[in-house]
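Trainee: please work out how this folds:
(one chain, ligands or ions: 1)
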Amino acid sequence: MLSHDVRGVADAMTESVQDVATGGGHVVFETDRIRVRPWRTDEADRLLDILSRYDVAKWLCDGEPELMKDRAEAVARIERYENRRTEDPHTGIWAIEVKQTGVTAGTVLLVPLPNSDAGEIEIGWHLHPDSHGFGFASEAARGVLARGFADGLAEIFAVTHTTNGPSQAVCRRLGMSDLGVVEKWYEGESQCFRITRGEWGASRPVG
Ligand SMILES: CC(C)(COP(=O)(O)OP(=O)(O)OC[C@H]1O[C@@H](n2cnc3c(N)ncnc32)[C@H](O)[C@@H]1OP(=O)(O)O)[C@@H](O)C(=O)NCCC(=O)NCCS
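Mentor: As a prediction, the model looks like this:
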């Protein structure tokens, strides 16, 4: 079910993971179309343009969304992403760059779920509306899943608002199982998806 580019990403992962582990490079991984790498502070305006939008921010938290207000906040956010990368290189919040245009489409992330005693890890994505509908979120997420499983994770969750159809469609494209509605980790009800390392491995072709 998984397409050709998934294999490409997964097969390319070993080298990329090594790069990150040794601090030897700033590209986390790349495919033919996208490069996943840390956000840069000179992209603060783009991050602001994404996170100041109600139609993006409303899906990213429980409760009332806090819209990003200005460039200084965006710079501080990017610095925070960078700090958490040096504290824990296994998880991260990264930019998705479209190689053909140089446009930064948005963010893909792998982070610990909040309010979790068991240390569960969630994958997430949020793109600028001008970059929806090209498959960039799913393509970046496949690479992040491959990296996470290559790194030893047993399972990876995705937690969406119950009404977030586009994000749930990404989960399904990735082969994640719909575990239904949960009231866990975030305030109120969420739709929870999960993929295990076994399921990820089984979805990849042999040979
Ligand atoms: C959730 C979100 C990332 C989904 O973005 P998306 O672009 O729909 O998702 P994908 O990257 O999987 O792209 C799939 C679409 O690209 C299309 N597409 C076009 N060219 C493609 C290609 N070469 N390869 C794959 N898909 C392609 C697919 O047909 C599909 O379109 P469809 O939904 O009309 O069928 C986006 O809606 C978003 O950022 N929303 C706001 C933030 C948010 O909700 N985040 C999630 C919080 S849980």
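Trainee: could you check how many residues crowd around the residue of the chain found nearest the ligand?
Mentor: Scanning the chain for proximity to the ligand using CB to the nearest ligand atom identifies G135 as nearest, at 2.3 Å. For glycine as for every other residue, the C-beta is placed from the backbone atoms N, C-alpha and C. G135 has 15 neighbours, counted by other CB atoms under 10 Å.
Trainee: now it: how far from L174?
Mentor: Per CB to CB, to the nearest Å, G135 is found 12 Å from L174.
Trainee: swap in Q100?
Mentor: The gap separating Q100 from L174 is 23 Å, by CB to CB.
Trainee: so between these two, which is more surrounded?
Mentor: In this view Q100 and L174 are compared by other CB under 10 Å, and L174 has more residues nearby, 22 against 9.
Trainee: just confirm G188 is within a helix.
Mentor: No. The assignment for G188, made by DSSP: H, G, I helix; E, B strand; the rest coil, is coil rather than a helix.
Trainee: nearest residue to it in space, please, no chain neighbours.
Mentor: In space, and not counting its chain neighbours, G188 is closest to D62: 5.6 Å by CB to CB, 6 or more residues apart in numbering.
Trainee: surely V36 and V28 touch.
Mentor: Yes. Using CB atoms under 8 Å, V36 is in contact with V28, at 4.6 Å.
Trainee: which strand of this structure spans the most residues?
Mentor: The strand that spans the most residues within the chain, counting by DSSP state E, is strand 104-112.
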